[in-house]
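Chemist: Quick one, what's the 3D model for this:
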Amino acid sequence: MQTCKLAAWDTETWLIGPAQQAPPLVCTSIKTEAGEYLLHHSESKPFFDQILFDTEWHFAGHNLVFDLGVVVEKWPEFLPAVFDVIEQGRAHCTMLRMQLIDIATGCFRGEYRELTKTEKEKGKKGVIWQDIRYDLSSTHARFTKKYLDKDTWRLRYKEFKDIPIAEWPEGAQRYPIDDAVATWNVFIGQENVREHLNKEIKQSFPDISEPDPLGDENNQMKHAWWIHLMHCWGIRTDSVRIARLEQETSRVFNETKLFLQLTPICSECGRLCHKKAVGRPPECWDHPYAVPTSLVKHDGVKNTKVAKLRMQYSMGGLDHCRLTKKGFVSVDSEACSMSGDPLLQEYAALTSLQTVVSKDIPALKLGRQFPVHSHFKSLQATGRTSSSAPNIQNIRQLPGIRECFVPRKGKVFVAADWDGLELRTLAQTCLKLFGRSKLAEALNRGVDPHLTVAATILKISYPEAFRRNEAQDKEVHRARQTGKIANFGFSGGLGYDALILFAKRNYKIELTYEEAKQLKIDWMYAFPEMRLYFEHIGNLCNNHEGLDGRGATTIQQLFSKRIRGQIPFTVACNTYFQGLGADATKNAGWLISKACYLDKSSPLYGWRIVNYIHDEFILEGPEAEAHEAAMELKRLMILGSEIYLPDVKPTVSKPMVMRCWSKKAKQVWKIGGDKPKDDSDTLVPWEYREAA
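Modeler: Predicted coordinates:
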């Protein structure tokens with residue numbers, strides 16, 4: 001890229017507020033090879049006319065989608081051009097670029113560092129986990145060792161909206177220019193890192209083709225833009241249902257606490273204790289004389305000592321655990337989530353439920369007057385997204401929480417989700433890697449993969465299992481549920497211990513250690529390619545040390561070519577198919593957003609995405625257009641995802657129209673009821689009815 005055609009820019013605005021996520025523009029700061037500039041909002045339009053419509057220009061910004069949103073809010077006529085420049089790959093977000101680089105090198109959001117001399121003198125041992133932040137000042141410091149002043153002027157620019165720049169204090173003039181210059185420096189630094197990493201990854205991992213840590217930049221920029229538009233639009237809530245949610249949260253909190261109190265853990269090694277015979281106390285097979293304990297004491301207090309033991313067991317030793325700044329094993333929510341251990345995830349859920357009460361519910365209450373603007377992060381290490389304040393994406397399994405979200409007055413929701421998405425991405429991965437997959441064959445024939453495993457467990461044919469399942473045979477039903485456990489648990493690399501917890505907590509099925517071992521044998525018999533899958537990942541982990549010699553491997557995401565580095569076995573197992581699912585669904589979101597904002601001939605024009613839940617979209621729009629919108633949503637979801645699933649075709653079977661978001665929602669047809677009478681029948685809104 002020619003730097004003379006690069007413009008780094010930033011905006012200063014009024015403060016963000018409810019229903020004002022793209023606040024009024026005050027000034028635009030610019031850095032090009034020719035110099036530095038500061039433009040009053042009344043003088044900024046010619047600059048955007050130039051960089052948006054002259055295809056020789058590329059431009060960079062830090063958290064660029066925010067600034068683009070500000071520009072489009074002031075000049076709506078620029079909206080089509082913004083979509084165009086993003087699609088052309090001319091828009092570069094230095095925050096996203098830094099995240100992609102860190103994902104490729106295995107230090108996304110943090111890394112272990114060696115102790116300093118002073119820390120060693122104080123008696124500290126091992127390594128220290130150091131968080132990595134992605135704000136402009138922190139990112140700039142990584143390249144220049146210099147932090148920016150972000151406290152003096154950042155919150156005051158509303159004061160200067162109607163004052164000529166020449167009359168601003170010198171510091172107020174310098175602050176935005178420094179941001180633009182910092183963005184320029186970061187972009188150039190990232191290009192240098194990119195070149196260095198390309199060579200290093202190619203040398204260390206010759207099996208990775210085209211090893212570009214920023215190879216997925218354009219896709220992620222597209223995703224970030226439509227997700228930002230969704231954030232700005234927001235979603236509304238219902239006050240009566242929020243009151244019920246407060247009561248339900250308290251109930252689930254107590255239930256989770258009891259589950260943790262009653263699950264015995266070995267006080268020596270942190271392993272799950274097993275009851276070998278009726279009447280005998282639980283015991284650890286490695287420490288039969290250790291006294292069983294639990295992650296929550298009988299008085300309701302968290303047992304952090306045992307949680308740390310469990311973390312060490314789950315992560316395979318202290319060396320693999322994330323540590324606090326003081327050098328202790330971390331058991332915070334993020335560490336528990338990263339462990340992949342169902343018991344530690346429930347341990348973290350106690351804090352999560354407390355957050356629902358203290359933060360999320362108050363935020364939901366604001367949605368009665370203003371839209372709720374959840375803070376979406378468009379890129380996590382897996383390729384997926386996240387949501388917070390409040391979290392409306394990975395939402396807690398609380399009865400009534402989804403029903404709190406309702407459309408604006410006079411509107412309805414349309415929603416649709418993919419059928420068995422991650423099973424399809426897993427099958428596609430195996431086809432791409434090995435050229436064959438029984439799971440892919442089953443899915444393409446319309447065969448139920450859970451029932452396939454059930455037939456293997458029961459040692460009967462699939463037709464017999466299907467017939468008995470249709471007749472509501474209890475034995476087949478339980479075997480099918482067990483098949484679900486295998487399909488969703490083993491594919492991510494869960495060990496037997498973790499699978500037992502996964503089964504108990506999510507499916508209310510209790511498996512012994514021996515039953516879990518037999519289940520894996522049956523599952524691999526049903527889908528023999530999974531043995532190849534685990535061998536492939538195992539070989540990668542055994543043969544590659546990673547860029548810093550920590551014994552991890554680096555893989556390249558299929559189709560999108562995104563690099564993810566320094567990952568252990570279980571993370572690699574998940575990354576292939578989970579990342580592929582994220583790429584497929586986020587690409588669909590781009591097509592849906594273009595239809596909503598740009599295509600006046602589309603049934604979705606004027607509709608808005610209000611939520612995206614990994615494999616599901618929820619849109620809001622006029623009731624009179626709901627049927628056509630639902631059908632077009634289905635079409636675009638398939639169209640956007642099929643380029644990532646060329647051999648295992650994606651399906652979206654039941655788009656719905658709803659008066660509120662709910663897991664209970666079903667298709668309702670105007671004439672046929674639960675099934676369409678004919679091709680002329682149309683979808684009508686499903687009505688939520690409160691439980692008696």
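Chemist: In the stretch 201-350 of the chain, mark out all the strands, start to finish.
Modeler: Along the stretch 201-350 of the chain, counting by DSSP state E, counting those that start in this stretch, strands occupy 236-237, 265-266, 292-293.
Chemist: now, of those strands, which is deepest in the fold?
Modeler: Each of the strands of the stretch 201-350 of the chain was assessed for mean neighbour count using mean count of other CB atoms under 10 Å. The highest is strand 265-266, with a mean of 25. C-beta: built from backbone N, CA, C; applies to glycine.
Chemist: and that strand, average pLDDT?
Modeler: Averaged across strand 265-266, pLDDT comes to 92.
Chemist: Also stretch 230-249?
Modeler: The average pLDDT within stretch 230-249 is 88.
Chemist: Kindly export that stretch (C-alpha atoms) in PDB.
Modeler: Coordinates of each C-alpha in stretch 230-249 appear next as PDB, following Å, rounded to 0.1, in the frame of the first residue of the first chain:
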ATOM      1  CA  MET A 230     -27.000  -3.200  15.400                       C
ATOM      2  CA  HIS A 231     -25.600  -1.700  18.600                       C
ATOM      3  CA  CYS A 232     -26.600   1.800  17.700                       C
ATOM      4  CA  TRP A 233     -30.200   0.800  17.000                       C
ATOM      5  CA  GLY A 234     -30.600  -1.100  20.200                       C
ATOM      6  CA  ILE A 235     -33.600  -3.100  21.600                       C
ATOM      7  CA  ARG A 236     -36.500  -2.300  23.900                       C
ATOM      8  CA  THR A 237     -37.700  -4.100  27.000                       C
ATOM      9  CA  ASP A 238     -40.900  -4.700  29.000                       C
ATOM     10  CA  SER A 239     -41.100  -3.600  32.700                       C
ATOM     11  CA  VAL A 240     -43.600  -6.200  34.000                       C
ATOM     12  CA  ARG A 241     -41.400  -9.100  32.700                       C
ATOM     13  CA  ILE A 242     -38.300  -7.500  34.200                       C
ATOM     14  CA  ALA A 243     -39.900  -7.600  37.600                       C
ATOM     15  CA  ARG A 244     -40.600 -11.400  37.200                       C
ATOM     16  CA  LEU A 245     -37.000 -11.800  36.000                       C
ATOM     17  CA  GLU A 246     -35.600 -10.500  39.300                       C
ATOM     18  CA  GLN A 247     -37.500 -13.200  41.200                       C
ATOM     19  CA  GLU A 248     -36.400 -15.900  38.800                       C
ATOM     20  CA  THR A 249     -32.700 -14.900  39.000                       C
END
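Chemist: which parts of that stretch are buried?
Modeler: 230-238, 241-242, 244-245, 248-249 (16 or more other CB atoms under 10 Å).
Chemist: Contacts made by it with the rest, please.
Modeler: By CB atoms under 8 Å, 6 or more residues apart in numbering, the surrounding residues in contact with stretch 230-249 are 19, 21-22, 69, 353, 356-357, 361, 364-365, 367-368, 370-376, 392, 396, 398-401, 403-408, 593, 608-612, 620, 660.
Chemist: rerun at 6 Å
Modeler: Residues outside stretch 230-249 that contact it (CB atoms under 6 Å, 6 or more residues apart in numbering): 21-22, 69, 353, 356-357, 361, 364-365, 367-368, 371-373, 376, 398-401, 403-406, 408, 608-610.
Chemist: same question, stretch 462-472
Modeler: Contacts to stretch 462-472, defined as CB under 6 Å, 6+ apart, come from residues 451, 454, 455, 476.
Chemist: Figure out which of the strands of the stretch 201-350 of the chain is closest to residue 521.
Modeler: Closest approach to residue 521 among the strands of the stretch 201-350 of the chain (CB to CB): strand 265-266, 26.1 Å.
Chemist: Quick one: distance of that closest one to the chain centre.
Modeler: Taking CA atoms, centre = their mean, to the nearest Å, the mean C-alpha location of strand 265-266 is offset from the chain mean by 32 Å.
Chemist: Can you give me the buried ones in the helix ranked longest in the chain?
Modeler: Of all the segments assigned as helix in the chain under DSSP state H, the longest by residue count is helix 170-204. Taking 16+ other CB under 10 Å as the basis for neighbour counts, the residues of helix 170-204 that come out buried are 172-187, 189-191, 193-194, 197-198, 201, 204.
Chemist: Run through who's touching stretch 379-394.
Modeler: Here stretch 379-394 has contacts from 99, 103, 108, 220, 360, 363, 374-378, 578-579, 582, 611, 613, using CB under 6 Å, 6+ apart.
Chemist: on contacts alone, who are the packing partners of the longest helix of the chain?
Modeler: If contacts are counted by 3 or more CB pairs under 6 Å, 6 or more residues apart in numbering; DSSP states H and E, helix 170-204 sits against strand 6-13, strand 25-32, helix 94-105, helix 136-144.
Chemist: And the strands in the stretch 401-550 of the chain?
Modeler: For the stretch 401-550 of the chain, the strands defined by DSSP E, counting those that start in this stretch occupy 405-406, 411-417.
Chemist: what about the ones you listed, which gets the closest to residue 139?
Modeler: Distances from residue 139 to each of those were compared by CB to CB, and the smallest falls on strand 405-406, at 34.1 Å.
Chemist: Paired strands for that closest one, with orientation please.
Modeler: Strand partners for strand 405-406, identified by DSSP bridges, are recorded as strand 236-237 (antiparallel).
Chemist: Now residue 360. Nearest residue, chain neighbours left out?
Modeler: Computed as CB to CB, 6 or more residues apart in numbering, the closest residue to residue 360 that is not its neighbour in sequence is residue 390, at 3.8 Å.
Chemist: cool, and residue 572?
Modeler: On the basis of CB to CB, 6+ apart, the spatially nearest residue to residue 572 that is not a chain neighbour turns out to be residue 537, at 4.7 Å.
Chemist: mind checking how far that neighbour is from residue 420?
Modeler: 22 Å (CB to CB, to the nearest Å).
Chemist: higher neighbour count, those two?
Modeler: residue 537 (23 against 20; other CB atoms under 10 Å).
Chemist: how near is the residue in the chain sticking out farthest from the centre to residue 47?
Modeler: For the chain, the C-alpha farthest from the mean C-alpha position belongs to residue 167; by CA atoms, centre = their mean, that distance is 45.3 Å. Separation of residue 167 from residue 47 (CB to CB): 21 Å.
Chemist: What residues are bridge-paired with the closest residue in space to residue 610 that isn't next to it in sequence?
Modeler: Setting aside the residues directly before and after it, residue 610 is nearest to residue 235 in space (CB to CB, 6+ apart), at 4.3 Å. The bridge-partner assignment for residue 235, based on DSSP bridges, gives residue 372.
Chemist: Mean pLDDT for the helices and strands packed on helix 170-204 - can I get that in JSON lines?
Modeler: As requested, those are exported to JSON lines (pLDDT from 0 to 100):
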{"stretch": "strand 6-13", "mean pLDDT": "98"}
{"stretch": "strand 25-32", "mean pLDDT": "98"}
{"stretch": "helix 94-105", "mean pLDDT": "97"}
{"stretch": "helix 136-144", "mean pLDDT": "97"}
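Chemist: nearest to residue 295, of these?
Modeler: Between residue 295 and the helices and strands packed on helix 170-204, the tightest spacing by CB to CB is seen for helix 94-105, at 30.8 Å.
Chemist: what's in contact with that closest one?
Modeler: Outside helix 94-105, the residues within contact range by CB under 6 Å, 6+ apart are 60, 62-63, 108, 134, 139, 183, 186-187, 190, 193, 213-214, 220, 379, 381, 547, 563-565.
Chemist: what's the answer for stretch 47-61, then?
Modeler: Residues from elsewhere that reach stretch 47-61, judged by CB under 6 Å, 6+ apart: 1, 5-9, 67, 71, 81, 85, 90, 92, 94, 183, 187.
Chemist: Please indicate which of these are buried?
Modeler: A residue is treated as buried here by neighbour count (16+ other CB under 10 Å); on that basis the buried members of the contacts of stretch 47-61 are 5-9, 67, 71, 81, 85, 90, 92, 94, 183, 187.
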